[in-house]
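*Asks:* Sequence and computational prediction follow.
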Amino acid sequence: MDSFSLPIAAWEAWAPGRTTREEWIDGSSAPSAPPATTADVTFIDPMLRRRLGPVSRMALNVARRCLGDDRGIPMIFASRHGELARTLTLLEGMAAGDEVSPATFSLSVHNAAAGVLSIAHQDTAPATAIAAGEETLGMALVEAAARLSPAQPRLLLVYADAPVPERYQADIAMAESPHALALLFDRDQPRRLQVATRPADGAPSDTMMSLALLPLLTGHRRQAAWTGRHCTWEWTLADA
């Protein structure tokens with residue numbers, strides 16, 4: 001079994017119907033059927049805001065709430081699918097012979113939310129974008145553990161995803177729902193997210209990894225686990 005720990009300073013989450021940290025803590029372990037709503041990103045310039053896709057909006061919402069006005073904190077943005085619906089629209093347009101809009105393309109790429117946040121905050125801190133299939137959040141946690149150091153003592157991890165367009169749903173084995181999670185890590189904090197992995201020894205989980213982790217963060221569970229095709233991930237929270 002491999003293990004590591006991350007010093008967690010703060011977290012925020014968003015889903016349709018559950019838009020504040022308090023609602024996650026007071027609610028059940030998973031959001032109910034979501035109403036039609038989008039994440040609040042009014043801190044973004046209106047000209048840019050109106051072109052944002054739903055995944056970027058969710059990511060920016062939780063990132064802003066976790067960071068506040070802090071700047072200079074390196075960031076990891078993670079998403080399995082990213083703005084796949086927008087990418088599919090672009091591909092269908094290309095197949096029909098349409099020209100690709102540079103503005104639309106620029107906000108469909110995986111690091112779009114990171115770029116928009118850096119513009120909105122006027123922040124030149126480095127940012128990484130990660131996609132690693134169903135274990136995207138886990139690989140982002142590994143990246144965070146590798147990058148935290150005395151020279152880089154704080155780090156923001158943002159994960160956001162939404163269900164794939166209908167034409168790809170047959171290829172997704174687990175239930176998906178739109179949501180975002182931000183984790184702020186700080187080496188000076190005593191609270192530790194303990195992460196352990198081992199070879200998978202059971203059936204894969206039928207929910208998204210981030211939704212398995214959230215009940216631990218909200219205090220609804222003392223430990224949490226998620227199993228993929230290759231690994232089982234286990235988490236606990238403890239003071240150092």
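*Replies:* Sure, I can see it. Residues are numbered from 1 along each chain as shown.
*Asks:* Would you mind measuring from residue 238 to residue 20?
*Replies:* Using Cβ to Cβ, to the nearest Å, residue 238 is found at 26 Å from residue 20. In this view, the C-beta of every residue, glycine as well, is placed from N, C-alpha and C.
*Asks:* which secondary element of the chain has the worst mean pLDDT?
*Replies:* helix 102-106 (a mean of 76; mean pLDDT, DSSP states H and E).
*Asks:* what's the next helix-or-strand element following that one in contact with?
*Replies:* Once the chain leaves helix 102-106, the next helix or strand it forms, by DSSP states H and E, is helix 112-121. Applying Cβ atoms under 8 Å, 6 or more residues apart in numbering, the set of residues contacting helix 112-121 from outside is 43-45, 48, 52-53, 55-56, 59-60, 63-64, 67, 71, 75, 77, 82-83, 106-107, 123-125, 127-129, 158, 160.
*Asks:* Just the buried subset of those residues, please.
*Replies:* With neighbours counted using 16 or more other Cβ atoms under 10 Å, those contain these buried positions: 44, 52-53, 55-56, 59-60, 63-64, 67, 75, 77, 82-83, 107, 125, 127-129, 158, 160.
*Asks:* Filter these down to the ones in strands?
*Replies:* 75, 77, 127-129, 158, 160 (DSSP state E).
*Asks:* Give me the packing partners of the longest strand along the chain, helices and strands only.
*Replies:* Across the chain, the longest stretch assigned as strand under DSSP E is strand 2-14. In terms of contacts (3 or more Cβ pairs under 8 Å, 6 or more residues apart in numbering; DSSP states H and E), strand 2-14 is packed against helix 21-26, helix 54-67, helix 136-147, strand 179-186, strand 191-199, helix 209-217.
*Asks:* pLDDT of it, averaged?
*Replies:* Predicted confidence along strand 2-14 averages 96 (mean pLDDT).
*Asks:* I appreciate the help and will end here.
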